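Colleague: could you look at this predicted model? Sequence included:
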Amino acid sequence: MQYTKQYSEFSALQPKSLRSSLRSAALSALHLKERLLRGSNATLRVPRVQLLFLHHIFEDEMEPFDRLLRELAQTHVFVSHSEAVRRILVGENAEPCISFSSDDGLKNNLHAAEILERYGATACFYINPNSIGLSKYEQVESFCRTRLEFPPAEFLDWNDAEGLQARGHEIGAHTMGHINVAETPIREFREDLERSREVLLSRCGAARHFAYPYGRFFHFIKEAMAEVFEAGFESCASAERGCHTCARPVAKDQLLLRRDQIVAGWPLAHNMYFIRRNARLRHLASDEWPRVIGR
Ligand SMILES: [Zn+2]
């Protein structure tokens, strides 16, 4: 009964397919093409707000995560999640900037915080109150398997969450128990939002941001977005790729944040491919809920 501590172990326990091997080879080729066609860092120097998010920094991901931050720090300023949201809302695009967040509240997010702090950066940690502080292996294993589709990995406890906040990071809501919002009656979702906000306010003293679980457009509905702001949250985040041009102001309750997932255990070139490509295609990602949703 052991918790997963290494990314190598974690990825080996996830279903491997021919598709994932081909995907990896394709990403290496695409990265080269992106660099050859678009120059090395010109795209990265474009003023914009790009939000990166992760789920875990296992022990063997600490060094690669540090290397990724070192690379990004050459061409970007790192801002807090709240500051990134502010810049997008007012349409302030003075410089290339990146903000960080992390979903699901795994204990190894403490590694992420420690490395971010070396670069003067902070993150918003989106947590599920129902998994925070779980200490029985069976409960952790069950939550990871049924809600996150992960091998068993330890969660933060409330002291960790308070400590992160005291060090300048933010704690955001990700629903009480990692539900699929698109499959949840709106009334139930409203209650979940109110409860999540209440718990975060009482445990951490603040609850400004919300990210819905699973993250694709089809895991959410536009009516649910209105509920997020109604409950008092200031922003709503997806896990759809893309970045924000900040070319014009956006109304607060219309903004749906796009975030690029990074996995420190991937080759650096693969993470850089997505960051560079989505910076280049920044005009394709709108700030709002999309008119047409492709699956
Ligand atoms: Zn999640």
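Modeller: Received, thanks.

Colleague: neighbouring contacts of stretch 275-287?
Modeller: 30, 34-35, 38, 43-44, 46, 48, 50, 52, 72, 88, 96, 240-245, 250, 254-256, 258, 260, 262 (CB atoms under 8 Å, 6 or more residues apart in numbering). C-beta coordinates here come from the backbone N, C-alpha and C atoms, glycine included.

Colleague: repeat that with 7 Å
Modeller: 34, 38, 43-44, 46, 48, 50, 88, 241-245, 250, 255, 258, 260 (CB atoms under 7 Å, 6 or more residues apart in numbering).

Colleague: please indicate which of those are buried?
Modeller: 34, 43-44, 46, 48, 50, 88, 241-245, 250, 255, 258, 260 (16 or more other CB atoms under 10 Å).

Colleague: just checking: which of those also lie near the ion?
Modeller: Residues of those in contact with the ion (CB under 5 Å from the ion): none.

Colleague: and the least confident of the residues you listed?
Modeller: pLDDT across the buried ones among the contacts of stretch 275-287 is lowest for residue 34, at 69.

Colleague: pLDDT score assigned to the closest residue to residue 230 other than its chain neighbours?
Modeller: Counting by CB to CB, 6 or more residues apart in numbering, residue 230 lies nearest to residue 190, which is 7.7 Å off, once chain neighbours are set aside. We have a pLDDT of 98 for residue 190.

Colleague: number of residues surrounding residue 190?
Modeller: If you count neighbours by other CB atoms under 10 Å, residue 190 ends up with 16.

Colleague: helix or strand for it, just tell me which one.
Modeller: Using DSSP states H and E, residue 190 sits within helix 186-204.

Colleague: what's next to that helix, contact-wise?
Modeller: By CB under 7 Å, 6+ apart, helix 186-204 touches 129, 158, 161-162, 165, 171, 173, 175-176, 179, 181, 207, 223-224, 227-228, 231-232.

Colleague: please redo it, this time with the cut-off set to 6 Å
Modeller: By CB atoms under 6 Å, 6 or more residues apart in numbering, the residues outside helix 186-204 that reach it are 129, 158, 161, 165, 171, 173, 175-176, 181, 207, 223-224, 227, 231-232.
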